[in-house]
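**Student:** Predicted structure and sequence below. I'll ask about it afterward.
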Amino acid sequence: MNAFRTLATIVGGSLKNNATIECDDHGAEFFKVEINSSMDKAINHPDLTFLQGLSCRDSSSSTFGPLTLAQLSHFECGEVALSFCMLHKVGDACSAYYFLRDWARLTRDPKSTLSPPYFAMDSLMPSPFDGPMVSPVVEPKMEGCIHQRFIFSESKINALKVLVVAESCWLSGRIEKLPHLFPNSITMMVLSFSGLTEDPMPILEMLPNLRNLDLFRAYEGKEIISDNNFSQLEFLHLTELEKLKRWLLGTNVMPLIKGLGIHNCPNLKEIPQRMKDVELLKRNYNKW
């Protein structure tokens, strides 16, 4: 249990004001049970191993139950199973997976070094310095709430599928952070007026079929680094990247490049040596 408590510093805390977790090790409950059946029966009857009559209380309850529940089940055949329940305010299915993975790692080797928990959401929407909430959250009131259900027709779903396998992607307008999950089918990418502050190249260069890349007022940084891949890229436009000063290019990057257009990038005084022999492209402003 000591290893479990060390691992469960956060998920084993108490919920305060419906918004803040107190890391006091009071919120986790652990059960060890024996089941008089073999594990093969549990495959068809998972309720045999899951926590019976227990649940993490919903925030609508005046008294919060445990944030996490864990159960270790011993079968008569000698096998064991782990069951785990977590309040969604604390984590999701991915959090539960990493919890069980690290728990298993500690069981095999109590001296294992675990990585600290990583919360991706906080990197996207950072919490204020004085805490996640400046005042307690008011308890939700269900009276007067309106529930809506959205039903999408088959034609709308099919149209969405077409976008997923689209070969061209045009993104116009400010983007806080460039997503990583672009479909591999994209052959042409246009980013305009994005205002990105992080170099987009490390993400874009991983698109395996990208042949045409156009950055129009898309990046506000001073440096772009292309040190990997762009294996199919043939045409590259860099337009009105006014703060750009340096462009670093790896030796084997962009092996198929045929055309390069650099327009109104006043601070970019030098381009990679290998790009100096590439055909220069003109900018067609009519489409903007």
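**Tutor:** Cool, the structure landed. Numbers count the residues shown, from 1 in each chain.

**Student:** Show the average pLDDT along the helix or strand where A96 lies.
**Tutor:** Taking DSSP states H and E as the criterion, A96 maps to helix 93-108. Confidence over helix 93-108 (mean pLDDT, whole number) is 78.

**Student:** So which other helices or strands are in contact with it?
**Tutor:** Secondary-structure packing of helix 93-108 (3 or more Cβ pairs under 8 Å, 6 or more residues apart in numbering; DSSP states H and E): helix 2-7, strand 80-86. Glycine gets a C-beta too; all of them are placed from N, C-alpha and C.

**Student:** who does whatever helix or strand comes next after the first one pair up with?
**Tutor:** This means helix 2-7. For helix 2-7, the succeeding helix or strand toward the C-terminus, using DSSP H and E, is strand 14-16. Strand 14-16 has the following strand partners under DSSP bridges: strand 20-22 (antiparallel).

**Student:** next SSE after the partner strand?
**Tutor:** Following strand 20-22 toward the C-terminus (DSSP H and E): strand 28-35.

**Student:** In the stretch 151-288 of the chain, what residue spans correspond to helices?
**Tutor:** 154-164, 201-204 (DSSP state H, counting those that start in this stretch).

**Student:** What's the separation between the closest residue to N229 other than its chain neighbours and D40?
**Tutor:** Spatially, and ignoring its direct neighbours in sequence, N229 is nearest to E205 (4.5 Å; Cβ to Cβ, 6 or more residues apart in numbering). When Cβ to Cβ, to the nearest Å is applied, the distance between E205 and D40 equals 49 Å.

**Student:** Neighbour count: these two, which is higher?
**Tutor:** E205 (21 against 10; other Cβ atoms under 10 Å).

**Student:** The more buried one and V253, how far apart?
**Tutor:** Between E205 and V253 the computed distance is 7 Å (Cβ to Cβ).

**Student:** Then E176?
**Tutor:** E176 is 27 Å from V253, by Cβ to Cβ.

**Student:** higher neighbour count, these two?
**Tutor:** Each of E176 and V253 has its neighbours counted (other Cβ under 10 Å); V253 has more, 20 against 11.

**Student:** Next, count neighbours for the nearest residue to L268 once chain neighbours are set aside.
**Tutor:** Of all residues not flanking L268 in the chain, L244 sits nearest, at 4.9 Å (Cβ to Cβ, 6+ apart). Residues lying near L244 (other Cβ under 10 Å) number 20.

**Student:** residues touching L244, list them.
**Tutor:** L244 sits next to 219, 221-224, 238, 265, 267-268 when contact means Cβ atoms under 8 Å, 6 or more residues apart in numbering.

**Student:** any idea how this structure splits into domains?
**Tutor:** 2-124, 155-287 (automatic domain parsing).

**Student:** What mean pLDDT does the longest one get?
**Tutor:** This points to domain 155-287. 86.

**Student:** any idea how far the nearest residue to A104 once chain neighbours are set aside lies from K177?
**Tutor:** Of all residues not flanking A104 in the chain, L82 sits nearest, at 7.8 Å (Cβ to Cβ, 6+ apart). As defined by Cβ to Cβ, L82 lies at a distance of 35 Å from K177.

**Student:** With S155 instead?
**Tutor:** From S155 to K177 the distance is 32 Å (Cβ to Cβ).

**Student:** ditto for F193
**Tutor:** 15 Å.

**Student:** ok, now L100?
**Tutor:** For L100, the distance to K177 - Cβ to Cβ - is 30 Å.

**Student:** do I21 as well
**Tutor:** 26 Å.

**Student:** So which of these two has more stuff around it?
**Tutor:** Per other Cβ under 10 Å, whichever of I21 and K177 has more neighbours is I21, with 19 against 12.

**Student:** Can you give me the pLDDT of the more buried one?
**Tutor:** pLDDT, I21: 71.
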